[in-house]
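1. Pasting a predicted model and its sequence here:
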Amino acid sequence: MTRVACNVAAPIGTFARTRMEGSNEIVQIESRWQVILAVIAVFILLIILPSRVREFSVWVTCALVSALILPMVALSLSTHKRRWLQIEGMATLVFILIAGFALVDNLQFLLFQMVRGQVKLTGLTLLTSSIAVWAMNVLIFSLAYWRIDRGGPEARANQDDTLPDWLFPQEEVPELVPDKWHPSFVDYLFLSFCTATAFSPTDALPLTSRAKALMMLEGIVSLVTIITVLARAINTLGT
């Protein structure tokens, strides 16, 4: 990201225009309220998992989520925007890595118990756990897509000259979209949802190797969850 904002006086749910310290350049801070809702959803999914499946205790999960939400809230309250944007970037990376680890660990635990059966898991436990794992997969990868594409949200909001990781259909018909349109978090959430359900790009096309690698990884997690854990749960409940 080549340019970040330093002064803003607008709520999280709106776009804000501000000036960088020591510069007359006008920049924008992208809305964070949709991202905050996604992070809270991941938190809820992590804590509703059965205790035998859950990787972290509730207080650890709460601390992890708070560490990411606080910088986002601080962007609308503090005058030191540059500092909070840097903290948010690091917090987002840590959150994605730790939540991703918990996701994979939960999935491997379910698979291991299905094969070995040392811990008896009911069909209902398998069903709810598989749905939670699948939903977390969608949300975590949507955060990753939102964070890395074109240098991050502020680079996109300010039309920085960065190469895109995904080509969205709106960019092929600029006359049908608002002026200076750029993808927001909902676009990446939809991209992640389509990848987890169709196992292929149905909306935005990946252009870079890292974009393709992330989509393949998300598709693998989704495929394993659906054809093994979810299918086993439905079969158990039906018998």
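-> Perfect, thanks for sending it. Values in this document were obtained by computation on a predicted structure and should not be read as measured data.

2. which SS class is the residue most central in space within the chain?
-> Central residue of the chain (C-alpha atoms, centre = their mean): residue 143, 2.0 Å from the mean position. Put simply, residue 143 is helix when judged by DSSP: H, G, I helix; E, B strand; the rest coil.

3. any idea how far residue 32 is from it?
-> Residue 143 sits 12 Å away from residue 32, going by C-beta to C-beta, to the nearest Å. All C-beta atoms are positioned from the backbone trio N, CA, C, and that covers glycine.

4. Next: residue 134.
-> Distance of residue 134 to residue 32, computed by C-beta to C-beta: 25 Å.

5. Likewise for residue 144?
-> Residue 144 is 16 Å from residue 32, by C-beta to C-beta.

6. Kindly tell me how buried the residue nearest to residue 187 when sequence neighbours are not counted is, as a neighbour count.
-> Nearest residue to residue 187 in three dimensions, chain neighbours excluded: residue 168, at 6.2 Å (C-beta to C-beta, 6 or more residues apart in numbering). Using other C-beta atoms under 10 Å, residue 168 has 19 other residues around it.

7. what residues are up against residue 168?
-> Taking C-beta atoms under 8 Å, 6 or more residues apart in numbering, we find residue 168 in contact with 183, 187, 203, 204.

8. Turn these into a markdown table, including distance to residue 57, pLDDT and secondary structure.
-> Output for the contacts of residue 168, formatted as a markdown table (distance: C-beta to C-beta, whole Å; pLDDT from 0 to 100; DSSP: H, G, I helix; E, B strand; the rest coil):
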| residue | distance to residue 57 | pLDDT | secondary structure |
| --- | --- | --- | --- |
| 183 | 36 | 92 | coil |
| 187 | 34 | 95 | helix |
| 203 | 37 | 85 | coil |
| 204 | 37 | 91 | coil |
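
9. most neighbours, which of the residues you listed?
-> For the contacts of residue 168, neighbours tallied by other C-beta under 10 Å; top is residue 204, 25 neighbours.

10. Next, that residue: phi, psi?
-> The phi/psi pair for residue 204 (degrees, to the nearest 10) reads phi -90, psi 140.

11. distance of it from residue 145?
-> In terms of C-beta to C-beta, residue 204 sits 9 Å off from residue 145.

12. so what sits against both of these two?
-> 166, 191.

13. picking up where we left off before, mind telling me the two of the contacts of residue 168 farthest from one another?
-> 183 and 203 (10.3 Å; C-beta to C-beta).

14. can you give me the helices in the chain?
-> With DSSP state H as the criterion, the chain has helices at 33-48, 58-74, 81-116, 123-148, 153-157, 185-198, 209-224, 231-237.

15. As CSV, the ones you listed with distance to residue 178 would be great.
-> Formatted as CSV, the helices of the chain follow (distance: least, C-beta to C-beta, whole Å):
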stretch, distance to residue 178
helix 33-48, 17
helix 58-74, 24
helix 81-116, 24
helix 123-148, 19
helix 153-157, 13
helix 185-198, 13
helix 209-224, 24
helix 231-237, 43
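
16. right, and the ones you listed - which one's nearest residue 179?
-> Taking C-beta to C-beta, helix 153-157 is the member of the helices of the chain nearest to residue 179, at 13.4 Å.

17. which other helices and strands contact the closest one?
-> strand 26-29 (3 or more C-beta pairs under 8 Å, 6 or more residues apart in numbering; DSSP states H and E).

18. ok, 10 Å please
-> Helices and strands touching helix 153-157, by 3 or more C-beta pairs under 10 Å, 6 or more residues apart in numbering; DSSP states H and E, are strand 26-29, helix 81-116, helix 123-148.

19. buried residues in that helix?
-> Within helix 153-157, the residues that count as buried by 16 or more other C-beta atoms under 10 Å are 153, 154, 155, 156, 157.
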